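Chemist: give the three-dimensional model of this entry:
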Amino acid sequence: MKKRTCIMAIDDEEEILRLLKNIFEEEGYDFAGATGGDSAFPLMHECQPDLIILDIMMPGLDGFQMLNLIRRKSQVPVIMLTGKGEVSTLRESVEIGADDFIRKPFYPVELVARVRAKLRRAAQSNSQSQDMYKR
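Modeler: The predicted model follows:
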């Protein structure tokens with residue numbers, strides 16, 4: 001049986017995590033939320049997320065450090081979610097390996113649309129990679 005798609009969010013604001021949980025569970029996704037790096041990595045191993053939404057400004061490991069650690073082990077799509085709006089923040093996120101960037105406050109419909117697009121692209125990429133090895 002195929003597991004449902006799991007969206008994971010890492011954000012130190014519990015209110016944001018509750019909001020994201022409501023949004024994505026209403027859309028039919030499984031959801032896992034972590035308030036920082038200490039709880040995120042064990043949870044990532046457990047739920048094996050199909051996409052990660054990652055806050056940049058967090059105590060301890062910030063979003064850039066987390067993204068670096070994630071990219072060492074995985075190419076799971078990552079959307080950075082932040083209150084910072086500078087172009088340099090966007091550039092740094094993409095250079096490190098983020099797939100997208102959304103500013104807080106955000107529109108839930110926009111976030112869901114971007115998540116769906118990233119998941120669709122990841123599924124197509126995986127399918128094409130598997131087909132390539134069959135040739």
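Chemist: tell me which residue is most central in the chain.
Modeler: Nearest to the geometric centre of the chain sits Ile52, at 1.7 Å (C-alpha atoms, centre = their mean).
Chemist: direction included, what does the host helix or strand of it pair up with?
Modeler: Ile52 belongs to strand 51-55 when assigned by DSSP states H and E. Paired with strand 51-55 in the same sheet, following DSSP bridges, are strand 6-10 (parallel), strand 78-82 (parallel).
Chemist: list the buried ones in stretch 99-117?
Modeler: 99-102, 106, 111-112, 114-115 (16 or more other C-beta atoms under 10 Å). Placement of C-beta: from N, CA and C, glycine included.
Chemist: just the endpoints, please. Distance across it?
Modeler: 11 Å (C-alpha to C-alpha, to the nearest Å).
Chemist: contacting residues around that stretch?
Modeler: 7, 16, 19, 23-24, 27, 51, 53, 77-85, 89-90, 93-94, 118 (C-beta atoms under 8 Å, 6 or more residues apart in numbering).
Chemist: returning to that earlier point: for the strands paired with strand 51-55, which one sits closest to Ala123?
Modeler: Proximity to Ala123, assessed across those by C-beta to C-beta, is greatest for strand 6-10 (13.7 Å).
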